[in-house]
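A.B. asks: here you go, sequence then predicted model.
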Amino acid sequence: MDITMTRSVPLELTHLPWQDVIFQHILPHLSVKDLCRLRGTSKMFLHMFNDYMASCKRLDFTGFRVSEQGFKKVVENCENLQRLSMADCDWVTDALLMPVFRNNTSLLYVDLCRCKGLSGAAFQILVVKCKKLNTLLVGDCPWFSCGCWQVLILHQTQLQCINMSGCWNTDLETLEQFFQKYPQLKMVDMSKIEKLTDMHLYLLASHCPGLEVLNVSGCWRLTDQGLKKVVDYCPRLRMLNVMHCRRVTEQYLCSLLIGGINVTTWYCTCGNRYEAMIFPDEMEMKKRCFDDSLDNEEIMQDR
């Protein structure tokens, strides 16, 4: 009788094991917007949402606009985040992010690209509290100053991927200190920094021999000599973006392609357009850096 009655009752999502099934295999595939919708469905789903956020490792707000109160409700229980993406969130402020950085000291991957409403205040909390950063993306952030560089160099030791695209507030001495501190760098994006010269590439090549991905698109001062230094000193280099680097010659780019390096460029000379191979998606590299760091964390926990 009991068995029959049990079978007649339709199963609901909340009947599945929360920790082993829902939190591991279902909720991670939902966007932040979908999670917020699920949260407002019922008291049971609100309880599930709060429990999930306490163990959640990844949050992606990229391009998603939410109210200040809504953001606080999403992150108030987060204490185990390892990956946080706030790209294109021009609404986010220092006051909103500082508690997140304080409460999630295991962050490995942080994307703040084009978060123009921030300043160095939240960033300082991030680099001081989160000592395991593996990937930092601050492209097109006008607030990323020389002070931010110095704090980063002082407090972080494990960076492998950096996006400093469009960050003009730096100098040769600061970049040299940065490259010296992180010889393990694998992916570097220095695109749209017009004052970048061959000397900067000499420093990068000398200190970061394990470099695999380099984006210097829009850096028109660079020449063949600077790129040659990187290619010669970084044998693992496999992706290179030199779009709009007009002083880089077609002849040298052809030699790179023959050598097996994937190159993206738009080359104009004597009225002829030269297009090299398509530059593969950088996210593959970023994801691999992040996944490698996750594997290392799991190994350390097992020990």
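C.D. replies: Sure thing, it's come through.
A.B. asks: now C167, nearest residue through space, not along the chain?
C.D. replies: Leaving aside its sequence neighbours, C167 sits nearest to F144 (C-beta to C-beta, 6 or more residues apart in numbering; 4.6 Å). Quick note: C-beta positions are derived from backbone N, CA and C, even for glycine.
A.B. asks: so how many other residues sit close to that neighbour?
C.D. replies: By the measure other C-beta atoms under 10 Å, the count of residues near F144 is 23.
A.B. asks: where along the stretch 51-200 of the chain do the helices fall?
C.D. replies: Remark: helices assigned in the stretch 51-200 of the chain by DSSP state H, counting those that start in this stretch are 68-75, 94-103, 120-129, 146-155, 172-181, 198-207.
A.B. asks: pipe those helices into CSV and attach mean neighbour count per row.
C.D. replies: Output for those, formatted as CSV (neighbours: other C-beta atoms under 10 Å):
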stretch, mean neighbour count
helix 68-75, 16
helix 94-103, 18
helix 120-129, 19
helix 146-155, 16
helix 172-181, 16
helix 198-207, 20
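A.B. asks: how near is the residue nearest to C167 to G120?
C.D. replies: The gap separating F144 from G120 is 8 Å, by C-beta to C-beta, to the nearest Å.
A.B. asks: same check on V188?
C.D. replies: Separation of V188 from G120 (C-beta to C-beta): 22 Å.
A.B. asks: again with I261
C.D. replies: 36 Å.
A.B. asks: over to P17?
C.D. replies: 44 Å.
A.B. asks: now swap in G70 and tell me
C.D. replies: 26 Å.
A.B. asks: with E68 instead?
C.D. replies: From E68 over to G120 (counting by C-beta to C-beta), the distance is 21 Å.
A.B. asks: same question for P183.
C.D. replies: For P183, the distance to G120 - C-beta to C-beta - is 26 Å.
A.B. asks: ditto for A54
C.D. replies: 30 Å.
A.B. asks: got it, and C89?
C.D. replies: 17 Å.
A.B. asks: low pLDDT regions in the stretch 151-300 of the chain?
C.D. replies: Residue ranges of the stretch 151-300 of the chain with pLDDT under 70: 265-300.
A.B. asks: which residues in it form strands?
C.D. replies: Counting by DSSP state E, counting those that start in this stretch, one finds strands in the stretch 151-300 of the chain at the ranges 161-163, 187-189, 213-215, 239-241, 262-264, 266-269, 272-275.
A.B. asks: given the fourth one, what are its sheet partners and their directions?
C.D. replies: Partner strands and pairing direction for strand 239-241 (DSSP bridges) are strand 213-215 (parallel), strand 262-264 (parallel).
A.B. asks: got those as a markdown table, with distance to R247 columns?
C.D. replies: Listed next are these as a markdown table, based on distance: least, C-beta to C-beta, whole Å:
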| stretch | distance to R247 |
| --- | --- |
| strand 213-215 | 16 |
| strand 262-264 | 15 |
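A.B. asks: and L35, which of those is closest to it?
C.D. replies: L35 sits nearest to strand 213-215 of all the strands paired with strand 239-241, at 31.5 Å, using C-beta to C-beta.
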